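[1] Turn this into a structure:
(one chain, ligands or ions: 2)
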Amino acid sequence: MKLPRTALLLACAALLLRCAADPTATSPRPPTAPPAAPLAAAPAAPDTAALLARLDAALPADRLIEWRRHLHQHPELSNQEKETARFVAERLREMGLAPKTGIARHGVTALIAGGHPGPTVALRADMDALPVTEEVDLPFKSVATGTYEGRSVGVMHACGHDTHTAMLLAAAQALMAVRAELHGNVLLIFQPAEEGVPAAEQPAGAEAMVQAGVLRDPEVSAIFGLHVMAGLASGQIGWRRGPLMAAADRFEIVVEGRQTHGSKPWNGIDPVVVGSQIVSALQTIVARQVDLVREPAVVTVGQFEAGVRNNIIPERARLVGTIRTFADDMRDDIHARLKRTAEQIAAASGARAVVTIERGYPVTRNDDALVDAMVPTLVRLAGDAAIETRKVTGAEDFSYYAHEVPAMFCFLGITPAEKLATADSNHSPRFVVDESALPLGARALAHLAVDWLAGEQARVTPPAR
Ligand SMILES: [Zn+2]
Ligand SMILES: [Zn+2]
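    Numbering: from 1, shown residues only. Ligands and ions are numbered 1, 2, ... in the order given. Below you'll find the predicted structure:
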């Protein structure tokens, strides 16, 4: 059965808008904060500057686009990235690397061992696509189909993970050209299933990669990741200290009433009215009860199902929604308030509310010291277009790596500036990537790794007398 487009969009939304996609769905403007104080470009030491010049010269810009188009034309759904993983491993072997495959199903890692001893920094890309039917007429448009929750669906790289994979491959090739000069190692992480999987397949994606030990063999000391963002202009790189993307938790409230004739409501307990009261009351959690000056939060009811006919008051109603938060204690607090609100409103009418909350991806938190150390690298690459971005209420499973080691996640603009107002967001069937922005993303990954290793080397090496 082929899903209608609206159903596909709903299915996509049901993935909890897990990526950087949703902020731009409500606002076509780039999510920029008020201008921050100007930051100096990275003061690369002379030998590092020469190394970076050689690294840039080795960046395979043509192959980057070729790889991205191949991946775009051959998308695979979460936990089904078999051919994508094979493609990635083949490219890595061509570069002289020895990839490990089959990690957390289809994950691939490879270690670029530096010519000198030192710590290990990781770079991460995600590889999965979405159950979306592409509507953009590109020569490399996806016409792929797949099976999602038992249904046949179109499959598209509507979140841009094809570009993440291609950019990390290009960064890898550039890093290999300067490998002998590196004081330390670069671990490449190509992960599956960022967009989320059914409960039966969990844990998956980054959570499963972490559990498989990818950050421990060798020990990773810092990690960087990048996400393309339709709401930022090509050439822009967005960065932010602290919480960057939200925790996303799913909740379900089943209101149990008592079924009766619609003409005689006093003979039953109406779960539709009780459910409506709960929907309204849940809005007061964010509007009236939590400290919004501290961190923003969102409580959304996305599904309200009840009844079959105009003159029957049904037995039960079902509400399903999402909670977005940026601090762990606020997350727990809102969970408790939601449960209490639903249960006690139901009790007031003689109904019962059964509340289930499934914890999804945690907050994606950037390490302040790491961001402060690395922003000059972004400024060197992008100049004034390296901007401090606002928080994003979408979620990312990069958060699992960030929970383990100091991490920095950035956004890469991929929309021509003149199209920002009308560009379709990530997850849209009309999502388009301006490929001219991709070499900057690949360079950003490689430069972050090189500069971080150089910074560590400078930190542990006593100054020459
Ligand atoms: Zn996504
Ligand atoms: Zn994504």
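
[2] quick one: whatever residue of the stretch 101-250 of the chain ends up closest to ligand 2 from ligand 1, how far?
    Residue of the stretch 101-250 of the chain nearest ligand 2, by C-beta to the ion: Cys159 (3.6 Å). Heads up, the C-betas are built off the backbone N, CA and C, glycines and all. Distance of Cys159 to ligand 1, given as C-beta to the ion, to the nearest Å: 3 Å.

[3] what helices or strands is the host helix or strand of Leu338 leaning on?
    Following DSSP states H and E, one finds Leu338 within helix 328-348. Here helix 328-348 touches strand 247-256, helix 271-284, strand 316-325, strand 352-358, going by 3 or more C-beta pairs under 8 Å, 6 or more residues apart in numbering; DSSP states H and E.

[4] Compare the ones you listed and give me the one nearest ligand 2.
    Closest among these, using C-beta to the ion: strand 247-256, at 12.6 Å.

[5] What pairs with that closest one, parallel or antiparallel?
    strand 316-325 (antiparallel), strand 352-358 (antiparallel) (DSSP bridges).

[6] Using PDB, list the CA coordinates for the shortest one.
    Extracted C-alpha coordinates of strand 352-358, given in PDB (Å, rounded to 0.1, in the frame of the first residue of the first chain):
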ATOM      1  CA  ARG A 352      -9.100   7.600  35.100                       C
ATOM      2  CA  ALA A 353      -6.000   8.700  33.200                       C
ATOM      3  CA  VAL A 354      -3.300   6.200  32.500                       C
ATOM      4  CA  VAL A 355      -0.100   8.100  31.700                       C
ATOM      5  CA  THR A 356       2.900   6.600  29.900                       C
ATOM      6  CA  ILE A 357       6.100   8.600  29.200                       C
ATOM      7  CA  GLU A 358       8.800   7.200  27.000                       C
END
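
[7] now it and helix 328-348, what's the angle there?
    Put simply, strand 352-358 runs at 160 degrees to helix 328-348, going by axes from the mean of the first three to the mean of the last three C-alpha atoms, to 10 degrees.

[8] Stretch 365-377 - what's its average pLDDT?
    Model confidence over stretch 365-377, given as mean pLDDT, is 98.

[9] Off-centre distance for that stretch?
    Stretch 365-377 has its C-alpha centroid displaced from the chain centroid by 19 Å (C-alpha atoms, centre = their mean, to the nearest Å).

[10] Equivalent analysis for stretch 86-105, please.
    23 Å.

[11] tell me which residues in that stretch are buried?
    Neighbour counts over stretch 86-105 (16 or more other C-beta atoms under 10 Å) mark 87-89, 91-92, 95, 97, 99-100, 103-105 as buried.

[12] want to throw the residues you listed into CSV with distance to ligand 2?
    Shown next, in CSV, are these (distance: C-beta to the ion, whole Å):
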residue, distance to ligand 2
Phe87, 19
Val88, 17
Ala89, 22
Arg91, 21
Leu92, 22
Met95, 25
Leu97, 25
Pro99, 22
Lys100, 23
Ile103, 19
Ala104, 17
Arg105, 18
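
[13] Can you list which of the residues you listed are found in helices?
    Counted as lying in helices by DSSP state H, out of the buried residues of stretch 86-105, are 87-89, 91-92.

[14] Show me the two of the residues you listed that sit farthest apart.
    Between any two of these, the greatest separation by C-beta to C-beta is 9.8 Å, found for Phe87 and Leu92.

[15] Mind listing the shared neighbours of the two?
    By C-beta atoms under 8 Å, 6 or more residues apart in numbering, Phe87 and Leu92 have no common neighbours.

[16] And the buried residues of stretch 86-105, which is closest to Arg288?
    For the buried residues of stretch 86-105, the nearest to Arg288 is Ala104 (41.7 Å; C-beta to C-beta).
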